[in-house]
Structures are given as structure tokens and as C-alpha cells.
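Build me a model from this:
(2 chains)
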Amino acid sequence: MKKIIILFIIIFIMLFTNICYADYGLPGIIEYNAKIINEAGAKAESGTELIPYGTTVHVIYETNGYATIKYNNTSVNIKLADIKPISEEVDFSKAKNEQKDMFVYREGAYLYKGPSITYGKVDGNIEIPVGTRVKIESYTDMWGYVEYNGIKGWVYIYTSDGESPYHMVCSLTEIADKVNSQYYTLTDISVSSTVDGKNVIGTIPKGIIVDSYFYSAYPNPHGKSIYLKYGDIEGWHTENAEEFYADYSQQDIGVYVYKDLDIYSDISNILDEGNAKFKNKIKTIPAKTECKLIYKTLNTYVNYIKVEYNGVQGWIKDDVGYSIDGYKTNVKYPMPIKLTTRTPIIDKATFKPTGEYINNGRILSVKYNVNMYPNIYFCVVSDDKEIWIKADKYENVVNAKTDYNVLKDAYVDITPFEKTNENLSNTSSSNDDNSNELKRSVDNTLESNLIYCVIGGILVAIIAIIVIIIINKNKK
Amino acid sequence: MFFLVKNMIICLVATILIECIVAILLRIRNKKDIINIILANILTNPLVVSIPVYFNILYGIYFRNIAYIILEIYAVIAEAIIYKKFLKFDQINPFVISIILNAASFGIGELTNFYI
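As a prediction, the model looks like this:
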């Protein structure tokens, strides 16, 4: 019995420490032994203690230009400049031995002999050039071990300059796993291995959808640079040219044209504020027409949009003649809305009320909407039918008390704790670009997993009852 | 999913450890009784942990607290019934044992959350 008690206590302590230190995280540096190299000795930051020249100390932490060392069974802070590691050997078991993709986006990515500036830079003062993509093989919170041109060393990867012990600004950033956005090339564009665009390594042809990972944070006198990937070609393109101003990322977005609008086959001079030249009119899109958005220009004074209408693609100008809608889509976006007042149903063709209404408190799945200031019109799903409403008072449903029903292609209200109509407050919310950034506060995956956990708990309980009965029956 | 299951297991193991230690302190030394205490906790703890989390995520902290209270009462009663039926230890009323053990695990759990 005593052994069992001791075993329990050991397991408890292990569990307790695991819980306590579960989120301890990675240390900034790997502890090392160092010698005092200041001939006058190293003065402790607080107090009068002076550690003599040549003393061996054990560095456990670095902060604010100081090293925290263990000396005479106490922790003391001394200046980083007063110490130097005894050995250049690094204990890699204290680092996280995982790979991490990063790239150099600003100057200052020097290789060091160890995970601290006290180790000194690698011979030759090797700096990894801006725009280089590197593979970090091991890392701590502040330092990453990398190989560059056959030379191995440590680079500083900590992203906060104010808090770091060296007050250094990190020159590297992590590479996103997923594509930030996609662009449609309007002409052939060159790709460079360096962020300044000088070392051209390839060309991405016109009419291609390319993946963009990130922008350079480093100020580039030539303009902002984007890191692109197309097939085997990967590198930088300075975003300062007419050929690269299209955003393809809004797939499945529709355009609702509510007054007659001309479309053209060609466009030029799009960087000249509001003075783009449209050539070769194709046709006129009649009012009250839905078209598909191909792409729209970015970083221009006025947006120019390419749409598809009746199988023909052409350019239109972003003006009050149309509005970008959510197009028919089989994903869970856009967000459903909850009506906070009795809302008139309108005729889609005339945008006039039909005399029918939808009651206050209904949660409706939104197909798309039209923003025609000062009015907002929605195409919603109500009782499995698409209808148009003029929604002045509504709120976006962010608590996800709805579930997306794929068969109905709509959001279905599933909450059993719905507020009564009397409790609803009349709030109005504009369905502008901000609403597009609203996310579901409940992850459906999390909800499913929780249900599985509850079911698992019930099953475990049933098994436990059975085992209890069996064990005690046997004993009798 | 792994994160949820891992946390449930940690809660269960911690609860079992605490209640076993407290049970031993109460002089419940019989092996069979200890096993029954462990099984009683396996019966109640997963539900007491998972259901309030479910309510918290979906309906908010108010409903989570209500679920917590109801489930803790269920746990006390369920364990007490098991102790009354199967525990050989009879020096303390089984309901009192259940209350003491559950109070200990609940209290230590709250203290742990507070300080860590």
C-alpha cells in the first residue's frame, strides 16, 4: 500500500509540474559558460559586487544589454560586453530541433558563432543578403541555426527589438505556409532573387495567376516588393508597375450592375489617377444584371474591374454603376444576418416593396447584397426560397448559433436559447468591407469535437458502471 | 481534438490522484475500495469536464456555470451511491465521503487554476 501511495505522489508531482510548465516555452538563449573579459572586472547591475577579470560564470539569460549569471549561488546581471563564452560549442539539445522557413527582408542578418552576440560573428562578417530564403535547422526564441553558402552559424530571429537584450532589429521573417493572395498578371513581369529587383531570375508571363506570399517590410526605393511564386520561378517583383495591379483573390464574387454599364476589351494608363483609357467597347451590360468578377485592379486611384457577362470578358470602371456582391457560392461566407426589425420584401427588378414582410428576429442566410447608398439590399434564403429584402436594421450573426446546411445551401438557426422578439434591440450595421472581416466565433470543427468528447464521456461512464458491477459481483 | 482529449485525461488523472490521496488520509485503505473510488471518478469526471466546456463554447459562461453546478451535484450523488453500495469502509457515511473527496478535487483544481 505504501508503494502505491508513493507511486501516486510521484505521478501527481510529475503531472503537476507538467500542467504548471506546459506553457513554459522555448528559452531565448542556450545557457553557456563564459569568462569575464573586462580587465577592470564585471560590475553587477545592482549592488556593488564586482566579479574579477577571468572569472568563469554561467550565463542563464540575457536581457536589456545584460547577461544574467549564476555567481556565488545568486543571480547577478552583468553587461554582455564584459563576457565571452569559454567554448564555441553549443548544446543543441537545448534548442528546438525543427526546421523553419524564413527569409531575409532587411539588412543585418549576420551569422554568429553561437546563439548570443557574445559568441561573436562568424569569420568574414558574413551577412545573408536581403531577399534570401533560408532554412533554419534549430532555433531558440531568439536565435536560429542556419547554413548559408556552406557556412553554418546562428542568426538573430527575435521579432521584438525593444525587448531583446541586444536591442537588435530582426532581419528575418517567417514564410507563410499559405498563400496570402493571388494576382493576375496583365503583362510579362520579371522576378528577381533580391528585393531590389536587380537580380532577375525569371519572367512570369502575362495572363497568369500567381501566388503571393508576402510583401517586403524593408523600404525599397523602387517601391513595395512582393514575393511571388509561379511554378519553379520564385522571387521578388517590385510592385511599381502597371503590369501588376490585379487582384485575383476574389474568386466567386459577383458583380451586380444596377444601371446600364459599358464594358471594354482593353484598358491602359490605369495608374493615371482616374484617367484610364478604355478601348474597344464590347457591349453594354443592362441594368439589374449579375456578372462574374474576374479581377479588379489594386493601388489605383479608381478601381477598374474585369467582369464576365454572357461569356464575354471586359473592363468596367468602379463607379456608382454597380456594386460588388457576394456571388453564388457553396462556402459558408458571407455571414448570415439577423433581422432586428420587421423587414420589407422587395421586388428584385424594381427594388420596390412588394407589401410582404419578414418578421423581426429571423436569421437569414445571405446569398449576396447590393450596397446602393443609402440603402442596402440583400438576397437571402428564407424558407428555402431566395428573396430580396431591403435591410435597414439587422445585425451580423457572429455567435454562430447557426449551422450551414449544405443541402439547403443556407444557414439554419439551431440555437435553443434564441432571444424573444421583445428582447432584441434595434441595431443597425452597415454591410461594408468591415463585415467581410467578421468571422464565426464558434468553430464548427471545435463544436463537433466537443460533442464527440461528451459522447466519449458517456461511453466511458457506461463502461465504468459495467466494470464496477463486474468487479464487485466477482468479489461476492 | 487531441488537445481536448489530452486535457480531459489530465483532469481525470489529477482528480483520481487527489481523491485517492484524500481517501487514504480518511483511512480508506482497502484496495478494493480504492479501485471503486477510481472507477467512480472515471464514471463521473469525463462528463463533468466536457459538458461545461461544451456549454461555455456554445452558450457562454452563464450556462457553463449552471452546467457545472448540476454536474457536480450529479457527481456527488452518483459517487455516493456507488460508495454506499460497494465500499467496505463504513466508518464515515458514504455521502460524506463523496462530498469530501469531490470538494478536495474541486478545491485543489480551483487553486491550481488560480495560481498557475
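
check contacts around the residue in chain B positioned nearest to chain A.
With distances taken as Cβ to the nearest Cβ, chain B approaches chain A most closely at B:P46, which sits 3.3 Å away. Glycine gets a C-beta too; all of them are placed from N, C-alpha and C. Remark: with contacts taken as Cβ atoms under 8 Å, 6 or more residues apart in numbering or on different chains, B:P46 is in contact with A:C453, A:G456, A:G457, A:V460, A:A461, B:M8, B:L12.

which of those lies closest to A:Y309?
Closest approach to A:Y309 among the contacts of B:P46 (Cβ to Cβ): A:C453, at 50.2 Å.

any idea which element that closest one lies in?
Per DSSP states H and E: A:C453 is located in helix A:444-475.

what is the mean pLDDT for that helix?
In this model, helix A:444-475 has an average pLDDT of 77.

Buried residues of the lengthiest helix in chain B, list them for me.
Among the elements of chain B assigned as helix by DSSP state H, the one spanning the most residues is helix B:31-59. Of the residues in helix B:31-59, B:33-59 count as buried by neighbour count, 16 or more other Cβ atoms under 10 Å in any protein chain shown.

so who does the residue lying closest to A:Y112 once chain neighbours are set aside touch?
Distances taken as Cβ to Cβ, 6 or more residues apart in numbering or on different chains place A:W154 nearest to A:Y112, at 4.6 Å, with adjacent residues excluded. Residues touching A:W154, when contacts are defined by Cβ under 8 Å, 6+ apart, comprise A:V90, A:L111, A:Y112, A:K113, A:G114, A:P115, A:Y119, A:W143, A:G144, A:Y145, A:V146.

Show me what the next helix or strand after the longest helix of chain B is packed against.
For helix B:31-59, the succeeding helix or strand toward the C-terminus, using DSSP H and E, is helix B:61-86. Contact analysis of helix B:61-86 by 3 or more Cβ pairs under 8 Å, 6 or more residues apart in numbering or on different chains; DSSP states H and E lists helix A:444-475, helix B:31-59, helix B:94-115 as its packing neighbours.

Among those, which comes closest to A:K94?
helix B:94-115 (27.6 Å).

Extract the C-alpha trace of that closest one and format it as PDB.
Output in PDB follows, covering the C-alpha atoms of helix B:94-115 (Å, rounded to 0.1, in the frame of the first residue of the first chain):
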ATOM      1  CA  PRO B  94     -20.700   7.400   2.000                       C
ATOM      2  CA  PHE B  95     -22.400  10.700   1.100                       C
ATOM      3  CA  VAL B  96     -20.000  12.500   3.400                       C
ATOM      4  CA  ILE B  97     -17.100  10.600   1.800                       C
ATOM      5  CA  SER B  98     -18.300  11.700  -1.600                       C
ATOM      6  CA  ILE B  99     -18.700  15.300  -0.600                       C
ATOM      7  CA  ILE B 100     -15.200  15.400   1.000                       C
ATOM      8  CA  LEU B 101     -13.500  13.800  -2.000                       C
ATOM      9  CA  ASN B 102     -15.300  15.900  -4.600                       C
ATOM     10  CA  ALA B 103     -14.700  19.100  -2.500                       C
ATOM     11  CA  ALA B 104     -11.000  18.200  -2.300                       C
ATOM     12  CA  SER B 105     -10.600  17.600  -6.000                       C
ATOM     13  CA  PHE B 106     -12.700  20.700  -6.900                       C
ATOM     14  CA  GLY B 107     -10.900  22.900  -4.400                       C
ATOM     15  CA  ILE B 108      -7.400  21.900  -5.400                       C
ATOM     16  CA  GLY B 109      -8.300  22.200  -9.000                       C
ATOM     17  CA  GLU B 110      -9.600  25.800  -8.500                       C
ATOM     18  CA  LEU B 111      -6.500  26.700  -6.500                       C
ATOM     19  CA  THR B 112      -4.300  25.300  -9.300                       C
ATOM     20  CA  ASN B 113      -6.200  27.400 -11.900                       C
ATOM     21  CA  PHE B 114      -5.900  30.500  -9.700                       C
ATOM     22  CA  TYR B 115      -2.200  30.300  -9.100                       C
END
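
circling back: from the middle of its chain, how far away would the longest helix of chain B be?
A distance of 6 Å separates the C-alpha centroid of helix B:31-59 from that of its chain, computed with Cα atoms, centre = their mean, to the nearest Å.

Run the angle between that helix and helix B:61-86 for me.
Here helix B:31-59 runs at 160 degrees with respect to helix B:61-86, directions being taken by axes from the mean of the first three to the mean of the last three Cα atoms, to 10 degrees.

Over helix B:31-59, what's the mean pLDDT, rounded is fine.
Per-region confidence: helix B:31-59 scores 84 on mean pLDDT.

Then stretch A:35-45?
This predicted structure assigns stretch A:35-45 an average pLDDT of 89.

Over to that stretch now: how far is its first residue from its last?
The first residue of stretch A:35-45 is 17 Å away from its last residue (Cα to Cα, to the nearest Å).

Return the residues of chain B in contact with chain A.
If contacts are counted using Cβ under 8 Å from any Cβ of the partner chain, the residues of chain B sitting beside chain A are B:1, B:4-5, B:8, B:10, B:13-14, B:17-18, B:20-21, B:24, B:29, B:31-32, B:34-36, B:39-40, B:42-44, B:46-47, B:49-51, B:53-54, B:57-59, B:63, B:82, B:85-86, B:112, B:116.

try 7 Å this time
Residues of chain B lying close to chain A (Cβ under 7 Å from any Cβ of the partner chain) are B:1, B:4-5, B:8, B:10, B:13-14, B:17, B:20-21, B:24, B:29, B:32, B:35-36, B:39, B:42-43, B:46-47, B:50-51, B:53-54, B:57-59, B:82, B:86, B:112, B:116.

Let me know the closest of the contacts of B:P46 to A:K367.
A:C453 (34.7 Å).

give the contact list for the residue nearest to that closest one when sequence neighbours are not counted.
Sequence neighbours aside, B:S50 is the residue nearest to A:C453 in space, at 4.3 Å (criterion: Cβ to Cβ, 6+ apart). The contact partners of B:S50, by Cβ atoms under 7 Å, 6 or more residues apart in numbering or on different chains, come to A:L450, A:C453, A:V454, A:G457, B:M8.

hang on, A:I226 in a strand?
Yes: secondary structure of A:I226, determined by DSSP: H, G, I helix; E, B strand; the rest coil: located in a strand.

hang on, isn't it packed against A:H237?
Yes: taking Cβ atoms under 7 Å as the contact criterion, A:I226 and A:H237 are neighbours in contact, 5.6 Å apart.

which of those two has more neighbours?
Residue environment comparison for A:I226 versus A:H237 gives the larger neighbour count to A:H237, 26 against 22, counting by other Cβ atoms under 10 Å in any protein chain shown.

tell me the mean pLDDT over stretch A:82-94?
Stretch A:82-94 comes out at a mean pLDDT of 86.

In that stretch, which residues are buried?
The neighbour-count criterion (16+ other Cβ under 10 Å) identifies A:D82, A:I83, A:P85, A:V90, A:K94 as the buried residues of stretch A:82-94.

Between these, which sits nearest chain B?
Checking these against chain B with Cβ to the nearest Cβ, the nearest one is A:K94 at 24.0 Å.

Can you tell me the closest non-neighbouring residue to that closest one?
Taking Cβ to Cβ, 6+ apart, and ignoring the residues beside it in sequence, A:K94 has A:I30 as its nearest neighbour in space, at 4.4 Å.
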